[in-house]
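Engineer: Here is my input, please return the structure:
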Amino acid sequence: MRFNRFSRWVSPNVFSLLLIAAWLYLPTASVGQESLPRPEKPFAGKIGLTYKDSVAVKPELKIPATFGLQDPPNILIVLIDDCGFGQMGTFGGGIPTPTLDRIAKSGLRYTRFHTTALCSPTRAALLTGRNHHSVGTGVIGEAGTGFPGYSGVIPPSAATFAEVLREYGYANAWFGKNHNVPDWETSLVGPFDRWADGLGFDYFYGFVGGDTDQFHPALVENKKRVEPPETNEDGSPYHFTTDIADHAIRMIRASKAVAPQRPFCVYFATGATHAPHQVPPAWISKFKGQFNDGWDAYRQRTFARQLELGIIPADTKLTPRPDSLAAWDSLPANERKVYARMMEVFAGFTAHTDHEVGRVVNAIDAIGELDNTLVIYMAGDNGSSAEGGLNGLLNEMTFFNAIPEPLEAKIAAINTLGSDKHYNHFPAGWAWAMDTPFQWTKQIASHFGGTRNGVAISWPKRIKARGEIRDQFHHVIDIAPTILELVGIESPAQFNGVAQKPVEGVSMVYTFDDADAADRRTTQYFEMLGNQGIYHNGWMASAIRGVPWLSENPPADLLDMPWELYHVDKDFSQADDLAKTHPQKLDELVKQFFAEAARYGVLPLDDRKTERMNVEYRPSLTAGRKTFTYPNLLRLPEGAAPDLKHKSHTITATVEIPEGGAEGMLLTQGGRFAGYGLYLKEGKLVYDYNLVGVDRYTIQSTGELPTGKVTLKAVYVTDADKPFAGAAVTLFANGQEAGHGRVEKSIPNRVTLDETFDVGFDTGTPVADGYEMPFRFTGRLSAVTITLD
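Structural biologist: I've put the predicted structure just below:
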């Protein structure tokens, strides 16, 4: 460690003390707290020689009353993905959100609530009540490394609130996004102890990963991958958010019909409004023409509404647009037209999501349970996403693979944006607008544009306030202890025989009846991708590492960052940097940041972005293997499949082709938005390589394929074992060359975020146009073997 620069803030001796403090923070059993699950009770009846002289004692129902809880609430937690503070109408945004309005009017709105600046870290903190680095989730799991704060594994020493509630008789279900399963454990062989069930939920229906196609999602029900139905339950064309709402409503009704003694806990985590921005066209049409004046005007209007609603203090300043973002009026007309349409799509996506949440709330109301249901509606797991870059994207996979996307393609696609033809994402300027009045966006943990999210909480039976605003400083780790306090239970000292880390969150219950209550969260660190921040007693020190729309940060010294200073008790939006006028205060806060970083597992600091997505940084079921043989009709997520990126390899399919020929997929990974496939079509053996939709390379056989037992091969010889390397591809049938061609540029980082590696058929979306899904092979496929050369 380079102490010569680090000593600007913290001396080596002090740093050693910090490490000792962190060691002392290791989990220990607490006196007076319960151990869960509870030990087996001794038999309280009588055992004689026969049943006639014996006294039986029936096992007790696992319901809250058994454990002394009287009428605890049902719980509905709604978590919207990639949602900015100035997005929802409830917090002054330009998109009507009547369901969020309803929850806020029947309870409270929180205007100084914070997340971690990235999705799975926020979700781990939400579930456990501990800081994201404390539970191994300092970054998304797909970018995890071999350090404790970045392992991608929620440790057994951090039981979730759902695990605790289940021990008290709650019926727990999770619908939507689960981005907390380690990437290498997402296949059909598990292990499953860190899937939804292992995190405390009896039922799961959704997807496992960072995002998914809203029309063709990578669905999982409990532990089994399933294909989505053709339509929603009402017969309308399929959409993922509607589907999970259908399933949540069915579960809630069934749960109360069968076991009314058991309260439900539903975690409803939408894939929206994360990319891809996909929504039925009728919802897009509602917003036609509403954003033609651009992101600068949107921020001005939103800021005015926030002031009018009392969401922000009267003396709040609207922070200026960063120099790296273009003024709307400076853009060419054709660009403005495309970007306005992208925002119409996004607005429709947001409104549709709130509508589907409303269906769930209405279902709870219809069975008479809403009065006794704690609803926590979180409008975002981080700020709005600028990962669409300066020009927006037709395909989000281009961002994760640092491959430019031509503007002409976006202009040509303007009428199909929001459909299943695109994995689209709006430009960074709109993300900045969605985060009004703050600086920056998702990823930027140093500033509130990345971390401040609106939250509404309602429980009519307990919270008497109606439509009031609370401005106490809170963080996502405060949700779990809030839930446990309201239910009337403590976090256990031991769970499954493992001593538990202290819960790091602070309950928010004290704010329910007292708008003027003093903050109980007085300190909170922030860190994500090298962006650093520390809040303490009304002050905030902030150090931004890089702009969020770049796939990788330029070189910099993480120990010599340009820190900023804000008095956020008086400067709501972080508009006035006081670093030059209050250097001593800044010095104190930076030292405190490193103290918190040592305590909670933030060290070592790491600012790498796409580089960390390399699968070699994490455990792998395929590491060290050179040969892989797979049976027909197998599906694997990318984390469990062989990593073939810029590596020489041979794909061998052992098949039987009947007289008259056969068609269908032999092997594919990915789909419409990136991937490759080897298949038979119209009597040809075809190798298709989809470079994130920007280029496609197709190699096919030239002669007639033999019938009977046939060995088909695709030999891929890379030009170099490095990102983006091209390759020569040669096709063989029974050892005879059948075709050859080139892949001029290859995918460097990630083939897919949600689709799978499929043998003998194709699920999700097609890797190439011209065939119907699932394109199951019509001959006989014995096996597919991949050999790394």
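
Engineer: average pLDDT across stretch 698-705?
Structural biologist: On average, the pLDDT along stretch 698-705 is 95.

Engineer: What separation is there between the closest residue to residue 141 other than its chain neighbours and residue 620?
Structural biologist: Distances taken as Cβ to Cβ, 6 or more residues apart in numbering place residue 152 nearest to residue 141, at 3.7 Å, with adjacent residues excluded. All C-beta atoms are positioned from the backbone trio N, CA, C, and that covers glycine. In this view, residue 152 and residue 620 are 12 Å apart by Cβ to Cβ, to the nearest Å.

Engineer: of those two, who's got more company?
Structural biologist: Taking other Cβ atoms under 10 Å, residue 152 and residue 620 do not tie; residue 152 has more neighbours (28 against 17).

Engineer: A strand includes the more buried one, no?
Structural biologist: No - looking at residue 152 with DSSP: H, G, I helix; E, B strand; the rest coil, it is coil, so not inside a strand.

Engineer: Which pLDDT does the model give it?
Structural biologist: Residue 152 carries a pLDDT value of 95.

Engineer: ok, it touching residue 619?
Structural biologist: No - checked against Cβ atoms under 8 Å, the pair residue 152 and residue 619 is beyond contact range at 9.1 Å.

Engineer: so who does the nearest residue to residue 436 once chain neighbours are set aside touch?
Structural biologist: Once flanking residues are discounted, residue 436 sits nearest to residue 86: 3.2 Å by Cβ to Cβ, 6+ apart. Residues near residue 86 by Cβ atoms under 8 Å, 6 or more residues apart in numbering: 92, 93, 299, 302, 303, 306, 433, 434, 435, 436, 437.

Engineer: tell me the SS of the fourth one?
Structural biologist: Looking back up the chat, that one is residue 302. Classified using three-state DSSP, residue 302 is helix.

Engineer: could we number from 344 for the rest of this?
Structural biologist: Sure thing, new numbering starts at 344, so read that last one as residue 645.

Engineer: Look at it and report its pLDDT.
Structural biologist: 98.

Engineer: ok, how many other residues are close to it?
Structural biologist: Neighbour count of residue 645, defined by other Cβ under 10 Å: 27.

Engineer: gap between it and residue 838?
Structural biologist: 43 Å.

Engineer: again, but for the second one
Structural biologist: Distance, residue 436 to residue 838, by Cβ to Cβ: 39 Å.

Engineer: So between the two, which is more surrounded?
Structural biologist: residue 436 (28 against 21).

Engineer: The more buried one contacts residue 443, correct?
Structural biologist: No - contact criterion Cβ under 8 Å: residue 436 and residue 443 do not qualify, at 9.9 Å.

Engineer: can you pull the buried residues of the lengthiest helix in the chain?
Structural biologist: The longest helix of the chain (DSSP state H) is helix 676-709. Within helix 676-709, the residues that qualify as buried by neighbour count (16 or more other Cβ atoms under 10 Å) are 678-679, 681-701, 703-704, 706-707.

Engineer: Could you count how many residues lie near residue 839?
Structural biologist: For residue 839, using other Cβ under 10 Å, the count is 14.

Engineer: sorry, back to before: who's in contact with the residue nearest to residue 484?
Structural biologist: Counting by Cβ under 8 Å, 6+ apart, residue 495 makes contact with 479, 480, 484, 485, 487, 525, 526, 961.

Engineer: got the phi/psi numbers for it?
Structural biologist: phi 80, psi 10 (degrees, to the nearest 10).

Engineer: now swap in residue 584 and tell me
Structural biologist: The phi/psi pair for residue 584 (degrees, to the nearest 10) is phi -60, psi -40.

Engineer: So it sits against residue 557, correct?
Structural biologist: Yes - counting by Cβ under 8 Å, residue 584 touches residue 557, with 6.9 Å between them.

Engineer: what sits in contact with each of the two?
Structural biologist: Common contacts of residue 584 and residue 557 (Cβ under 8 Å, 6+ apart): 614, 615.

Engineer: Once you drop chain neighbours, what's closest to residue 769?
Structural biologist: Closest to residue 769 by Cβ to Cβ, 6+ apart is residue 685, at 4.1 Å.

Engineer: what's that neighbour in contact with, if anything?
Structural biologist: 620, 731, 735, 760, 767, 768, 769, 770, 773.

Engineer: Show the average pLDDT along stretch 401-408.
Structural biologist: When pLDDT is averaged over stretch 401-408, the result is 95.

Engineer: Over to stretch 665-678?
Structural biologist: Mean predicted confidence for stretch 665-678 is 97.

Engineer: Who are the packing partners of the strand ranked longest in the chain?
Structural biologist: For the chain, the longest strand by residue count, based on DSSP state E, is strand 1051-1061. Packed against strand 1051-1061 by the contact rule (3 or more Cβ pairs under 8 Å, 6 or more residues apart in numbering; DSSP states H and E) you find strand 992-1000, strand 1017-1024, strand 1027-1034, strand 1070-1076.

Engineer: The stretch 544-693 of the chain: helices as residue ranges?
Structural biologist: 583-601, 624-628, 637-652, 676-709 (DSSP state H, counting those that start in this stretch).

Engineer: For residue 349, give me the pLDDT.
Structural biologist: 46.

Engineer: the bottom helix or strand of the protein by mean pLDDT?
Structural biologist: When the helices and strands of the chain are scored by mean pLDDT, DSSP states H and E, helix 346-349 comes last with a mean of 37.
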